[in-house]
Each structure stands twice: as structure tokens, then as C-alpha cells.
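Student: sequence isn't available, so here's the structure alone:
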């Protein structure tokens, strides 16, 4: 089980990330993001109730769980897009609780969205340039004096072109982002996030709705982020994928973290199998729904 | 039919201070709606604040003309802040409701007799432009040629209006071509995406509301400069005339508002002369000439509908970039 694609060289995994026995809320050797008692309820429904969670620095962490487990809500809370009912969390040692989203992003914790938010009415290159931080020309007064920001703009453009090249979007740079395919938009959104030179990249379902060929390249890009020293936290449903690239897996169900650990270990965890993979994970779906009779010799 | 007066009326609308004032208001609205996506339905309120800001500071406080213009700008900026603080955090449609209400509140306050000494209530204010006229560099006499003939005062107002319009056009053009413009265009489409990239969306929307509001306020001050300020000038219909001019030219363009305002007023003047003349000739059936004069507003309404259906980006807009509402 440890290597599902025998012919392929598996990506290098980070190990030894935690202290003590792996379990919900386990301490990490070098956490980049630490959350404590974060809870959020919508009316009577508690969407998120996380006791303690640490995200290891320099590794790829996958956040998995069934639909409605609170993954995206937790994402929104951690990035300042939503306000929790209680709790505190810190990023690289500085307190983040109550900080608005744009300040969180400026600190180097940048996110993407489940429903891609490529800005369709800007060109691909403009989308990229928008991602850069600390732009002089973005101040109202300075913006009307082009000589104050032309040089910086040229630097930003050079960097944008470089990243576009890497993401194979260079020839599309002058197209409106609206004309891109769904997969290309996902790439663009990730590339744009990189323009802000983040330290923690949070990807909300980066592979959703992307065809297998492009998935391959997206995976490559995520592994690349780690190679460049960034920390990645992503939400994903595809188990194969999680197994393939994640160094650490956090499993949520009904708003709580129910398990944590290296992918191979977590996926054998009984609680995880019950909550997420389902007790029928090895059975054909048709059998589960009762539309087909169970073939002999299985289960 | 008097073709001569019809043509003269139409041609005059091409270069009138009112057209320029309208172009300014439409430009302010272009900043709000066209570039940032703020649905401001209270542009008449901004114009009223700008106009009365000038008139009151000049009459009540005795400001010189340039200080009165500054006061007019400050008043519009404060009005924008006042309206933006509670509403810019909310969804776009709320701003539309609040602005339309705020504009009506302004008009009704100006109409109220409580401050009649300051605002003049329903009679409005006159003679606030005396200081402005006293610095008129043009000696008394007639200016212009052909259908365009002005008194020295009219010519002075027109000159200053054109200068202000040129400055505002340059300012807005520079703004939207800059990284600042890129951020607000991003906000127009998806606030959260821009927020996730570390931009303070609220601050940008507020800046845009203030900038557009000040330009529209100046437009309001220029609007009343040739004659008098009266609350009835700033009725809700004014807001929709400005919107028509903006959409006609192109909401997300810098020069569209100017083009739209010119076409709007030329068309108004043309129809305003043509329709009563046609009624006198009996072509329009039972309509009297006064009724026929009002018919032009119906025609403008129809024009707006046709425009939105056929050319939502306006005359000079880029269809890919902005269709009417996203």
C-alpha cells in the first residue's frame, strides 16, 4: 500500500514532523500555524470545533473529510474570511485572531478558492500583477504619477512572466482570464497566489473539476511549492492524490479533527475509514446502492 | 417649422456648461460604477451637495470663489464618507438603496424651511457666483461664433468648466491605467479574490466613492453656476439622466461619459425643439406642443432600453471588458 504506482519514483516525503504519538492535536516539531479552541456555529449547527491543531512548516499537509466536515469553514476562519465564535490562532508566532483577510494575506498566508476566482475581465498578465505585494502604484495619490511606479511595475511584470512560463500560461498572457478553461484558471489562481511570495499556501480543492492530465501537472506544481520552501495546506477529496503528495494528513468530521498522521497510517485508522472512506470502501458502488448483486468472492 | 432655431438649439447643447457639468457627473459615476462596480443611484445627491457646498459657503460664509470650490469638494467627500462607512461592507445592492435614499434626504433637507436663511428652501439660492464673476478675465461683450454665442459670464463659466473637465478626465485616465485601477477592476469582479491577495478592499472602495463623489460634486457646482441652485434640480430623475449619459457612452471608459453627456443633451435639445414643432404641424395627432415636449423623456427611456439590449458596453466600451452589469 505504501507505493501505489510501482513504476514511478515516489516524491520525497517529509517525515518526523510530529512529537509523540500521532493523534488529533499532536504537537509538531516546527509548526507554522497553530490553532486553539477554534469554533464557529451557524445557528444551531456547529460547523467547526477544533481543540488544537498545528500545521507543520515546510511540508505538504492535506485536510480531508466528508462533505460538510467544516474544512472550508476552517479555511475561511484561518484566513480571516470568516469570524469564529471563539478561539485563537497564530501564524509563524504572530497572533492572527480577528485580523481581516487582507492583513492575513500580507503576512504571507495566501489562499485559493474552491470555486476558482480567476478575475475573468482582467487579462492573465493583469491577474498575475495584481498578486504582487507592496505596490507603490496601488496607492491612490501615487498612482497618478506613473514615474513613481513604472520601475516596480516592470520588475513585477518580469516576475509574472517567469511564473507564467513555469505554469505554461505564457502564451495566454494577453487573453482575458474568462477565456481560459477551468483547469487553466486553477493554474492561474495558484500562479497568482505565488506572486505575493507567500510562506504558507492554502489551496481549497485545487483538483476539483480538473482533468487527469492537468491534475498531473497541478500535482507537480504543488510539490514544487514545497521544493521552493513553502508550506502547503490543501483540501482534497481524491485519496490517491493525498496519498501521493501529502506528508501529513488531517482528517475532519463534523467540525472536529478526528485523526492526524502520515497518509499511510491515517488511512488505515478505523475512525477515518468509518467517517470518510465509508465502511464499504472496497465494495463496488453498485453493490452499496443495491442496484447490482454482489459478485462472488469479494468482501 | 423653424429649422433655424431647431439647429441653433441643438448646436448650443454641444458646448453648454450644463453638458460639461453633466459629463463631470457621469465621469464621477463611471468611477463608481464602471470601474469599481459601486451601484450608486444617488448621483443627484452628490451633485446637490457639491452645488450647495459652493453656494452656501459663498453666501453664508463669504468664501472667495476658489475656496467655495474647495468647500464644495470637501462637502462631497464628506458625503461619500458618511454614506460609505455603513454600506461599503455590505453587498452592492444595499449601496444602491442607501444612495437613492440619501439623495432624496439631501433634496428634502434642502427643501425644508427649517434652514431657509441658509438654503433658501424651495426658492433656492442665487447670486452666489458674484465673486466668481468678479474674477472673470474676459471683458464684457459677446463671444463665440455661429450658433455658439455667449455673454462674458457664460463664456467664463464654460471655460472653467472645460478646464476642470479636462483635469478630471486626465486624473481618472491616469488612475484607471495604474495599478490602482487594476485593483479596483478586480474588486468590481470579485472582492474576495482581491482580498485574498492582501488588498484592503474596503479602503479601495471608499477611495473610489470619494474620488467619484468629488468629481460629481464639482459637476453639481458647475451645473448651477450659470443660473441658480434649486432643490428641484436635484430630483431623482437627474440621477437617471446621468446614468443614461454614462451607459450611452460606456460605463467602463474614461471618455464615454463625456461622449454620452454630449449626445444626451444634443438629443434632448433636438427633440425638445422638434417634437413641439411637429405637434404644431398636427403630425402627432391630438398631442399639444407642451405634451410633445415631454415626449422626449419617453423617447430617452426607449433609447436606454434599446441601448442596454443591443450595446450594453456603451458606444465606446469594450464588450469583453464590461457588459452593463457583470
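Tutor: Great, that's in hand. Since this is a predicted model, take the numbers as computed values, not measurements.
Student: how about the strands in the chain?
Tutor: By default, I'm working from chain A. A:18-19, A:27-28, A:31-42, A:45-56, A:60-64, A:86-91, A:94-95, A:109-111, A:200-204, A:231-235, A:248-253, A:256-261 (DSSP state E).
Student: to clarify, I was referring to chain B.
Tutor: With DSSP E as the criterion, chain B has strands at B:142-145, B:148-151.
Student: so which bits of the first one are buried?
Tutor: Of the residues in strand B:142-145, those with enough neighbours to count as buried (16 or more other Cβ atoms under 10 Å in any protein chain shown) are residue B:143. Where C-beta positions appear, they are placed from N, C-alpha and C, glycine not excepted.
Student: for it, name the packing helices and strands.
Tutor: strand B:148-151, helix B:152-176 (3 or more Cβ pairs under 8 Å, 6 or more residues apart in numbering or on different chains; DSSP states H and E).
Student: and these: which comes nearest chain A?
Tutor: helix B:152-176 (4.2 Å; Cβ to the nearest Cβ).
Student: for the closest one, buried residues please.
Tutor: Going by neighbour count (16+ other Cβ under 10 Å), the buried part of helix B:152-176 is B:152-161, B:164-165, B:168-169, B:171-172, B:174-176.
Student: hmm, that helix in reach of chain A?
Tutor: Yes. Using Cβ under 8 Å from any Cβ of the partner chain, we find that helix B:152-176 touches chain A at B:171, B:174-175.
Student: which residues does residue 173 contact?
Tutor: Picked chain A for this. Going by Cβ atoms under 8 Å, 6 or more residues apart in numbering or on different chains, residue A:173 touches A:123-125, A:128, A:161, A:164.
Student: that's the wrong chain, I meant chain B
Tutor: Residue B:173 is in contact with residue B:254, counting by Cβ under 8 Å, 6+ apart.
Student: do you know how far it is from residue B:158?
Tutor: Applying Cβ to Cβ, to the nearest Å, the value for residue B:173 to residue B:158 is 22 Å.
Student: contacts for stretch A:229-240?
Tutor: Residues contacting stretch A:229-240 (Cβ under 8 Å, 6+ apart): A:4, A:32-33, A:55-64, A:71-72, A:75, A:114, A:198-208, A:222, A:225-226, A:242, A:246, A:267, A:277.
Student: now with 7 Å?
Tutor: Residues outside stretch A:229-240 that contact it (Cβ atoms under 7 Å, 6 or more residues apart in numbering or on different chains): A:4, A:32, A:55, A:57-64, A:71-72, A:75, A:198-207, A:222, A:225-226, A:242, A:267.
Student: what parts of chain B come near chain A?
Tutor: For chain B, the residues in contact with chain A (Cβ under 7 Å from any Cβ of the partner chain) are B:171, B:174-175, B:178-180, B:182-183, B:185-186, B:189-190, B:192-193, B:195-201, B:207, B:320-322.
Student: can you give me the helices in the stretch 101-250 of chain A?
Tutor: Secondary structure of the stretch 101-250 of chain A (DSSP state H, counting those that start in this stretch): helices located at A:101-106, A:124-131, A:140-143, A:150-166, A:182-195, A:212-227, A:239-245.
Student: give me the contact list for the second one.
Tutor: Among residues not part of helix A:124-131, those counted as contacts by Cβ under 7 Å, 6+ apart are A:118-119, A:122, A:156-157, A:160, A:163-164, A:169, A:172-175, A:177, A:188, A:191-193, A:195-196, B:182-183, B:186, B:197.
Student: rerun at 6 Å
Tutor: When contacts are defined by Cβ atoms under 6 Å, 6 or more residues apart in numbering or on different chains, helix A:124-131 is touched by residues A:119, A:156, A:160, A:169, A:172-173, A:175, A:177, A:188, A:192, A:195-196, B:182, B:186, B:197.
Student: which of those residues lies closest to residue A:47?
Tutor: Closest approach between those and residue A:47, by Cβ to Cβ: residue B:197, at 25.5 Å.
Student: mean pLDDT for the helices and strands packed on strand B:142-145: which is lowest?
Tutor: Note on the helices and strands packed on strand B:142-145: lowest mean pLDDT is at strand B:148-151, with a mean of 86.
Student: now that strand: buried residues?
Tutor: Using 16+ other Cβ under 10 Å as the test for burial, strand B:148-151 gives residue B:150.
Student: so what touches it?
Tutor: For strand B:148-151, the external contacting residues (Cβ under 6 Å, 6+ apart) are B:15, B:142-144.
Student: now do the phi/psi pair for the closest residue to residue A:62 other than its chain neighbours.
Tutor: Take residue A:62 and drop its neighbours on the chain: the residue closest to it by Cβ to Cβ, 6 or more residues apart in numbering or on different chains is residue A:246, 3.8 Å away. Main-chain dihedrals, residue A:246, degrees, to the nearest 10: phi -80, psi 140.
Student: rewinding a little: what's the closest of the contacts of residue A:173 to residue B:230?
Tutor: Nearest to residue B:230 among the contacts of residue A:173 is residue A:123, at 46.9 Å by Cβ to Cβ.
Student: report pLDDT for the closest one.
Tutor: pLDDT, residue A:123: 92.
Student: now do the contacts for it.
Tutor: Neighbouring residues of residue A:123 by Cβ under 6 Å, 6+ apart: A:174, A:176.
Student: for it, which residues make a bridge with it?
Tutor: Counting by DSSP bridges, residue A:123 is bridged to residue A:176.
Student: give the contact list for residue 138.
Tutor: By default, I'm working from chain A. Residues in contact with residue A:138 (Cβ under 6 Å, 6+ apart) are B:179-180, B:183.
Student: not what I meant, chain B
Tutor: Contacts for residue B:138 (Cβ under 6 Å, 6+ apart) come out as B:152, B:155-156.
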